[in-house]
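K.L.:
structure, please.
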Amino acid sequence: MVTNMTKGKVRLPGQRDPQKQPTKVAVTVRYSPEVVEYFRATGEGRQTRMNDAGTYEAAPRGVIHRHCSAEFLP
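P.N.:
A predicted model of the protein is given here:
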């Protein structure tokens, strides 16, 4: 068991504190095999990069207002 000293509570294995950043939404998406292979070939963090690519596409259209990683900036 892990004791959270600041709050005096005991966490059991697998339990977490509330998230500090906004929670993302779980979805099921179907990509073409070429897209999946491209992102897999880039290694660890591919889901984050796929999210950044979507963010990069949506931000100029005013759909969202977030910063992307430098990899997707023009």
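K.L.:
which residues does Gln10 bridge with?
P.N.:
I think there's a mix-up here, since residue 10 is Val and not Gln. Val10 forms beta bridges with Thr3, as assigned by DSSP bridges.
K.L.:
state the distance from it to Lys20.
P.N.:
Going from Val10 to Lys20 by C-beta to C-beta, to the nearest Å gives 21 Å. The C-beta positions use only the backbone N, C-alpha and C, and glycine is treated the same way.
K.L.:
which one of the two has more residues nearby?
P.N.:
Shown here are Val10 and Lys20; by other C-beta atoms under 10 Å, Val10 has more neighbours (10 against 5).
K.L.:
tell me the confidence at the more buried one?
P.N.:
With respect to pLDDT, Val10 scores 80.
K.L.:
the protein: helices as residue ranges?
P.N.:
33-41, 46-58 (DSSP state H).
K.L.:
what angle separates the shortest one from helix 46-58?
P.N.:
Going by axes from the mean of the first three to the mean of the last three C-alpha atoms, to 10 degrees, helix 33-41 is angled at 120 degrees with respect to helix 46-58.
K.L.:
remind me what helix 33-41 packs against, helices and strands.
P.N.:
helix 46-58 (3 or more C-beta pairs under 8 Å, 6 or more residues apart in numbering; DSSP states H and E).
K.L.:
quick check: mean pLDDT of the helix it packs on?
P.N.:
84.
K.L.:
ok, stretch 18-38 next?
P.N.:
For stretch 18-38, mean pLDDT rounds to 84.
K.L.:
what does that stretch rub up against?
P.N.:
Stretch 18-38 is contacted from outside by Asn51, using C-beta atoms under 8 Å, 6 or more residues apart in numbering.
K.L.:
let's see that with 10 Å instead.
P.N.:
Phe39, Arg46, Gln47, Arg49, Met50, Asn51, Ala53, Gly54 (C-beta atoms under 10 Å, 6 or more residues apart in numbering).
K.L.:
want to try a markdown table for these, with neighbour count and distance to Tyr31 as columns?
P.N.:
Output for the contacts of stretch 18-38, formatted as a markdown table (neighbours: other C-beta atoms under 10 Å; distance: C-beta to C-beta, whole Å):
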| residue | neighbour count | distance to Tyr31 |
| --- | --- | --- |
| Phe39 | 17 | 8 |
| Arg46 | 14 | 11 |
| Gln47 | 10 | 11 |
| Arg49 | 18 | 13 |
| Met50 | 17 | 8 |
| Asn51 | 15 | 13 |
| Ala53 | 16 | 11 |
| Gly54 | 15 | 11 |
